[in-house]
Structure formats: C-alpha cells, structure tokens
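**Student:** sequence and computational prediction follow.
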2 protein chains.
Amino acid sequence: MEVIRLKHTGFCFGVRRAIERVTKEVDKGQGKVYTLGPIIHNPQTVNMLKEQGVIPVDDLSQVENDGIVVFRTHGIRKEEEAYICEKGLKSIDATCPFVKRVRKHAVYLRKHGYKVVIAGDKNHPEVKSVLSYLDNDGIVLRESCSIEGRKIGVVSQTTLNWETFRDIAAGLLGGAEEVRVYNTICRSTRERQKEVVETAGLVDVMLIAGGKNSSNTARLYEIAKQVQPRTYHIETEGDLDPEWFSGIRKVGLTGGASTPDFIIDSLDRRLKNL
Amino acid sequence: MEVIRLKHTGFCFGVRRAIERVTKEVDKGQGKVYTLGPIIHNPQTVNMLKEQGVIPVDDLSQVENDGIVVFRTHGIRKEEEAYICEKGLKSIDATCPFVKRVRKHAVYLRKHGYKVVIAGDKNHPEVKSVLSYLDNDGIVLRESCSIEGRKIGVVSQTTLNWETFRDIAAGLLGGAEEVRVYNTICRSTRERQKEVVETAGLVDVMLIAGGKNSSNTARLYEIAKQVQPRTYHIETEGDLDPEWFSGIRKVGLTGGASTPDFIIDSLDRRLKNL
C-alpha cells in the first residue's frame, strides 16, 4: 500500500509559535505556567505540555497570582483581557496573528458603521473572542442567510471552509447597498483545503489526523469526504481500523494545523506495516 | 384574453427627470437643444423629441457654439466634460442620479487603492461613462471571473440583472484579501426584475415592451424568458404577431424604465381587441 503524505501538513505558523512560547516559558522555570483553554486543539499536544507542567484552565480565577497565563492561538475574550489587567496577572499573548487580523478587521468595520457578520461557528473560541471585541454587537453565520442593512461588513473564522464563506458573503449582497468582505481564512487553511481536495480524488482512502475538537481539521475532513467518501478523521494510530485498507492501493495522509508531526510520522509507519 | 399589466411600468425617475429637463429647454425657445447620444434608449421617445426640435448628436463637434447640450441619462465621458468646459458650451446635466452614484462609488474606490471592477456591459454608455471617470483604469466584467488583487472594489451597472451581479461579486471573493461591493443596481431595476419574475410564471405569454437598445428592457426580457419561454421583446404594437396569442388566457405586459406609457397603453388596447 502506497502512503501519499500531503505536503501541507504539520503545525501551522500560529500553532508552532504558540507552542514555542509556552515551552520557552516552562524552560525558564520561573513559576507556574497556565494556558487559558487548551493552547491548541490537539489533545495529544496538550497532554505533552501538561506533563511538562503546563496547566490548562477554563477560567482565570483558577490562576494563582504569581503564575503566568499564556493566551491560546484562538485568542481571549475582551472581558478576560480586562480581568488580567485589573488583577495585574502576568501574561504572554500566543494568539495567532491571523486570528488577530480577523479581530482587527471586525473592530474596524464596526467602528465605521458596518453591521458586522462573522462567518463561522459561534461556539468556537476564535469566534467568541472576535465577537467579544465587538461588545457582542455582531452576527455569526454558519450558512447563507439574508440580512438587511445599509452597510454590512464580513469577516471569516480563519479555519472556515472557503465555499461556505463564499456562499455566506454572496448571500448578503442582496440586502445592503454596500457589503465589505475581508477574506480572513488563513493561508494555511487555504493551502491545506486546496491540497486535500486535489489528493482525495486520487487515493482510495483518505486519512485526516487531528484533534476531534480542531475546527480546521474537521473542515479538512468534511471537504475530503465530499470528494472521497472513504475519508476518516482520526486522532492517533489507535483509531485506525485495518478493515478500511483491505484491497486498497493508495492512501492519502494529512493532518490539521494543530496536528504534530510525530502523530503523522507514527501513522505513516503504521500504515506501511499494515 | 386577460391582460395583466405590471405595476412597475412607465418611465423610471431618472428617465422622467431627463425628459422633463429637455422638454423644458425646448419650451424656452432660446436656441438649439442637443442631446449627446440618444437621451434615453427608446427610439419612439427620441423621435418625438426630434419632432419638437431636439437634435441628438454622437459627437460634441456637431454642436453649434450657441446651442445647449443635454447630457443623457447614462452620463457623459470625462473627456466630453473636459471638451465642454474648454469650449465654454452651455449644458444641462440630465444624467440619472443613480448612474452618478455608480460613478461616485467607483471613483472613491479607485482613490482608496481598490482595483475597480464594473459589473456590466463594456459597450453600454453608462459603463463607458463610469470607466472614463476612472481614467479607464477599471475592469468591466459581464460574467464571473477570477481576478487577483489585494483590494478589489465592485460596482454594478444600474440596470444589471441581480443574479449576474451576485455571481460576478462572489467570483471575486477568492482572489483578494478584501472585496468591497457596492450594489448599485437601481431600485427601479430591482422592482421591475422582481415583479417580472413573479408574473412570468403566472401568465401564458409575457410581453416586454421597450427599445431594442435598452439595457434594462433587454434584462427584463432575459429574466422573464427563463421563467416563461413564451416571452417576447417588442418595441411597438407593429411587432405583435397574433399567432402568439392563439388559445391563450393570460398575457403579462410590462415595459422597461425608458418605455413611455403611451406605448404600453396602445399595446394594452390592441391586445384586448385581438
């Protein structure tokens, strides 16, 4: 069985940067290191960091005063930023710069009188963060929907599926005199989506490795599944079912932006030995 | 046979305003009155004005120095404006204000660093006018097409079909970080397109009356034809073919924004006597 490993795999820029920052802080050994929420959406990586002493917390009240809080890639909420300021907590901002760009454009649009639409998932921490910086004065859309307004501004969750984004933006064109659209889907997401679509049609089975809680990984799975019905979303090699591969010649293998190389490597080895 | 006459018919605001301005000027009797190009795209109306002494010219060099030039609803080109200034010709601007809005948005977008796309027909005088005010630094698209650029600004010809506009704007979303879209299809166009689609499916034959050179009339015809294959674009009752109506119960009747009421009235009478 031939394993076709995709080119665009491994940590994306924002994830690599965040992991480096938190690791560097642990290495200093100058107090407890916390992350607000999982630093990235990959349970294996979060567990590895836990073993190194990193403490993920859901709420800032769990942070001791002499600890240091690292903001995860998806960003924090405005009220969390206020709390940190007020309490004088030490912090390191590991928010992905591309996520910050979504926030920047959204805030700019609202300031200039646009009704702001965030194309994305209202339960995702990135979207929650952006919305909080709009003082929750924004509309989150997961699918095309008509909205009335003189000026509508649109941004996208960085990890959104491109077709979904286009449909949402296009659906808004009829309801306003002006629609201003910032395509803030990040480059890594675009490249991976493009490559996965191209490959899914050429292989017999497609494997997407990554956290089940990872939005960009879930999107890759959805996109690949449309082209290749025999697509599976797995976290580790323990999720592999040998039956998927009986009589198969080619298998495509890739991971999301938060999937570490060691997981892809171990899957690659395991597949070659099936 | 029942004739269903659509509600949104007769001259639109811009056309009515232009005709009033030129007629008022003729009534003054203070010299020759010229229009640069046909004042509106309706040959019957243009002929009636000719009989009143209005002279349509294709080129400003045909205008005598003591004459007065009326700019048509579709606007003039920047170089024509310069010529008029230079020669000190008297002029009256009967450009439709909604057409001017297209120009205003397009010029604003270019000034702010957007690559400007005009969704429309490159041969239409409105589009030629807008493009000239961009010093021809704009792209005219008649159908969806991918364009690369950091910032793309989009406007529409006032009389464009809404679906075409949406497809063109949506098609541009993938090639830029920011796409800023002004939906400058005018209200009259929107209302007529909406009503014609609603009616075309309810009648056995649909008649669209108006100049063969009228863009908005041609769009109404195209849109209606998609819903009701038995749709005809006619200019006057002389174009009616009684065979179209054999065994027919209901006929829908409407006109473009430049189709005078007297044409609709005469068609209505003729149809009732078939």
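**Tutor:** Now that the structure is in, tell me what you want to look at. Numbering: from 1, shown residues only, chains lettered A, B, ... in the order given.
**Student:** tell me the spatial nearest neighbour of the closest residue to chain B within chain A, not counting adjacent residues.
**Tutor:** The nearest approach of chain A to chain B comes at A:Ala170, 3.7 Å away (Cβ to the nearest Cβ). Using the backbone N, CA and C atoms, a C-beta is placed for each residue, glycine as well. For A:Ala170, ignoring the flanking residues on the chain, the nearest one in space by Cβ to Cβ, 6 or more residues apart in numbering or on different chains is B:Ala170 at 3.7 Å.
**Student:** residue boundaries of the strands in chain A?
**Tutor:** For chain A, the strands defined by DSSP state E cover A:2-5, A:33-36, A:54-57, A:68-71, A:90-93, A:115-119, A:139-141, A:151-156, A:178-182, A:205-209, A:231-234, A:250-255.
**Student:** would you convert the ones you listed into CSV that also reports mean neighbour count and distance to chain B?
**Tutor:** Shown next, in CSV, are those (neighbours: other Cβ atoms under 10 Å in any protein chain shown; distance: least, Cβ to the nearest Cβ, whole Å):
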stretch, mean neighbour count, distance to chain B
strand A:2-5, 15, 26
strand A:33-36, 24, 29
strand A:54-57, 16, 33
strand A:68-71, 22, 24
strand A:90-93, 17, 23
strand A:115-119, 26, 11
strand A:139-141, 19, 15
strand A:151-156, 26, 9
strand A:178-182, 25, 5
strand A:205-209, 27, 23
strand A:231-234, 20, 24
strand A:250-255, 23, 22
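**Student:** how about those strands in JSON lines, adding mean pLDDT?
**Tutor:** Output for the strands of chain A, formatted as JSON lines (pLDDT from 0 to 100):
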{"stretch": "strand A:2-5", "mean pLDDT": "95"}
{"stretch": "strand A:33-36", "mean pLDDT": "95"}
{"stretch": "strand A:54-57", "mean pLDDT": "94"}
{"stretch": "strand A:68-71", "mean pLDDT": "95"}
{"stretch": "strand A:90-93", "mean pLDDT": "95"}
{"stretch": "strand A:115-119", "mean pLDDT": "98"}
{"stretch": "strand A:139-141", "mean pLDDT": "98"}
{"stretch": "strand A:151-156", "mean pLDDT": "98"}
{"stretch": "strand A:178-182", "mean pLDDT": "98"}
{"stretch": "strand A:205-209", "mean pLDDT": "97"}
{"stretch": "strand A:231-234", "mean pLDDT": "97"}
{"stretch": "strand A:250-255", "mean pLDDT": "97"}
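**Student:** can you pull the phi/psi pair for the residue of chain A positioned farthest from its centre?
**Tutor:** Counting by Cα atoms, centre = their mean, the extreme residue of chain A relative to its mean C-alpha position is A:Gly247, 34.3 Å from that point. Dihedral angles of A:Gly247 (phi, psi; degrees, to the nearest 10) stand at phi 70, psi 10.
**Student:** how much space separates it from A:Asp204?
**Tutor:** 8 Å (Cβ to Cβ, to the nearest Å).
**Student:** same thing with A:Gly174?
**Tutor:** 43 Å.
**Student:** beta partners for the closest residue to A:Lys122 other than its chain neighbours?
**Tutor:** Closest residue to A:Lys122 apart from its sequence neighbours, by Cβ to Cβ, 6+ apart: A:Val140 at 4.2 Å. Taking DSSP bridges as the rule, A:Val140 bridges to A:Ile118.
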